[in-house]
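K.L.:
Prediction below, plus the sequence it came from.
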Amino acid sequence: MSISTREKSNILRTKKAFYDAFLDLMENNSFESISATSIIKKSGYSRSAFYAYFYSKYDLVEKYIINEAGALVEALCTELSSTEEYTYEDDIFYPGLFMFEHVLENRRFYQNLIHDKITGYNIDMLAKKFATATQALLVLNYPDDIKQKLDMDLYCFITADSYISFIKFWDKNNYSYTPEELARKMMYNFVRTKKINGVSMKKLPPDFNLSSLLL
């Protein structure tokens, strides 16, 4: 049975209240010390409302991760205006921009995952869900001849890992870049990598010392 737009909005608002309450509690408490009861109390919603959507605090985190994986895929698939022509660079920049805008709005959750503050959950779990969601979408939309040429598992893993790496880079720099600035950095990085065809590990200088760079 389909639900109305109003009902859907109410569901999203209720879930967000519980997600926000959880993140508020995480600011001054350990994950272990937080209970479903404390999340319910902080949210201002009823116990029955919580258990209508979540089995426990663990289920809340798992569904939050799944929700974010879907949101990242949606950001990548946001349709641009069909009245304008877009370049290869635009096809990298705009999806990145939409994604980073979303991440900034949900910054607290990403910080908790990146810094392993939610025991048992981390950013790698989100990356895996992101890759799975990306693959499911591509399987539905890519022509069969393209799917046969691609190693879908590898392609989706690398795609998800690349975007997550930029998010981790952003976090490392204390979100000092705007979403637009980070999207441009990502675009320049991808475009330059594609255009610099003469660089390979086999052509590195003979005195190149990788170990010294890793110390």
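P.N.:
Arrived safely. Residues are numbered from 1 along each chain as shown.
K.L.:
contacts and neighbour counts: CA atoms only from here.
P.N.:
Fine.
K.L.:
Quick check, pLDDT for Glu84.
P.N.:
pLDDT, Glu84: 63.
K.L.:
what do you get for Leu215?
P.N.:
Per the predicted model, pLDDT is 43 at Leu215.
K.L.:
for Tyr155, same thing?
P.N.:
83.
K.L.:
In the chain, what helix or strand scores lowest on average pLDDT?
P.N.:
Counting by mean pLDDT, DSSP states H and E, the chain has its least confident helix or strand at helix 210-214, which shows a mean of 46.
K.L.:
residues near Met125, how many?
P.N.:
By the measure other Cα atoms under 10 Å, the count of residues near Met125 is 16.
K.L.:
helices or strands next to the helix or strand harbouring it in the packing?
P.N.:
Here Met125, judged by DSSP states H and E, is contained in helix 123-141. Using 3 or more Cα pairs under 8 Å, 6 or more residues apart in numbering; DSSP states H and E as the contact test, the elements touching helix 123-141 are helix 57-76, helix 107-114, helix 152-172.
K.L.:
and the protein, what are its domains?
P.N.:
Following the assignment in automatic domain parsing, the chain carries domains at 7-54, 62-196.
K.L.:
any idea which of these scores lowest on pLDDT?
P.N.:
Looking at the domains of the chain, the bottom one is domain 62-196 with a mean of 87.
K.L.:
where's it relative to the chain centroid, distance-wise?
P.N.:
Distance of domain 62-196 from the chain centroid (Cα atoms, centre = their mean, to the nearest Å) equals 6 Å.
K.L.:
Stretch 56-70 too?
P.N.:
The answer for stretch 56-70 is 12 Å, by Cα atoms, centre = their mean.
K.L.:
buried stuff in it?
P.N.:
Lys57, Tyr58, Leu60, Val61, Glu62, Lys63, Tyr64, Ile65, Ile66, Glu68, Ala69, Gly70 (16 or more other Cα atoms under 10 Å).
K.L.:
Looking at those, which one is closest to Phe157?
P.N.:
Using Cα to Cα, Ala69 is the member of the buried residues of stretch 56-70 that lies nearest Phe157, at 12.9 Å.
K.L.:
where's Tyr45, which helix or strand?
P.N.:
Counting by DSSP H and E, Tyr45 is part of no helix or strand.
K.L.:
for it, what are its contacts?
P.N.:
Tyr45 is in contact with Thr14, Ala17, counting by Cα atoms under 8 Å, 6 or more residues apart in numbering.
K.L.:
quick check: angle from the helix or strand containing Phe93 to helix 57-76?
P.N.:
When elements are assigned from DSSP H and E, Phe93 belongs to helix 88-105. For helix 88-105 against helix 57-76, the angle by axes from the mean of the first three to the mean of the last three Cα atoms, to 10 degrees is 150 degrees.
K.L.:
who touches helix 88-105?
P.N.:
71-72, 75-78, 110, 167, 179-180, 182-184, 186-187, 190-191.
K.L.:
Tell me which residues of it come out buried.
P.N.:
92-104.
K.L.:
Does Ile34 touch Leu25 like I think?
P.N.:
Yes. Using Cα atoms under 8 Å, Ile34 is in contact with Leu25, at 7.2 Å.
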